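Undergrad: Here is my input, please return the structure:
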Amino acid sequence: MNDPMIDMKPRHVADVEMEVVDGEVLLYHPRHTRAFYLNPTAAIIWALCDGNRSVRDIIDVIGQSYPEASANLPADVLATLNELRESGVLVTR
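TA: Okay, the predicted model is just below:
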């Protein structure tokens, strides 16, 4: 994979709040006064964004945990991370 983001280490923005409601994950960004719903896959990706794992590591963990995941797993993870970053709830370094 040649995406420049692959070796970056995503982490949550400090003031983003997470709440689990009826098994669904909601993120709230107080500065943007917006809430974001995460589907189950996005919630797993979000949970793995600890600032220590690279995007490559996150893809590997998900691939090992869910061997039935599609061949598009790397692209799907990158797309989710880009959406989270564009929403202002995630930063990469």
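
Undergrad: Show the average pLDDT along the longest helix seen in the chain.
TA: Counting residues, the longest helix found in the chain (DSSP state H) is helix 73-86. Here helix 73-86 scores 94 as its mean pLDDT.

Undergrad: For that helix, buried residues please.
TA: Using 16 or more other CB atoms under 10 Å as the test for burial, helix 73-86 gives 74, 76-78, 80-81, 84-85. The C-beta positions use only the backbone N, C-alpha and C, and glycine is treated the same way.

Undergrad: how about low-confidence regions in this structure?
TA: Applying pLDDT under 70 to the chain flags residues 1.

Undergrad: Quick check: residue 24 touching residue 35?
TA: No. Using CB atoms under 8 Å, residue 24 is not in contact with residue 35; the gap is 11.2 Å.

Undergrad: where does the nearest residue to residue 27 once chain neighbours are set aside fall, phi/psi-wise?
TA: Of all residues not flanking residue 27 in the chain, residue 36 sits nearest, at 4.4 Å (CB to CB, 6 or more residues apart in numbering). Backbone torsions for residue 36, taken as degrees, to the nearest 10, come to phi -130, psi 130.

Undergrad: And the helices in the chain?
TA: So, for the chain - with DSSP H - the helices run 40-48, 55-65, 73-86.

Undergrad: and the longest one, what other elements does it pack with?
TA: Spelled out, that is helix 73-86. If contacts are counted by 3 or more CB pairs under 8 Å, 6 or more residues apart in numbering; DSSP states H and E, helix 73-86 sits against helix 40-48, helix 55-65, strand 90-91.

Undergrad: Now do the first one: which elements does it pack against?
TA: Applying 3+ CB pairs under 8 Å, 6+ apart, one finds that helix 40-48 makes contact with strand 24-29, helix 55-65, helix 73-86.

Undergrad: Not counting its own residues, what contacts that helix?
TA: Residues outside helix 40-48 that contact it (CB atoms under 8 Å, 6 or more residues apart in numbering): 12, 18, 25, 27, 38, 57-58, 61-62, 76-77, 80-81, 83-84, 90.
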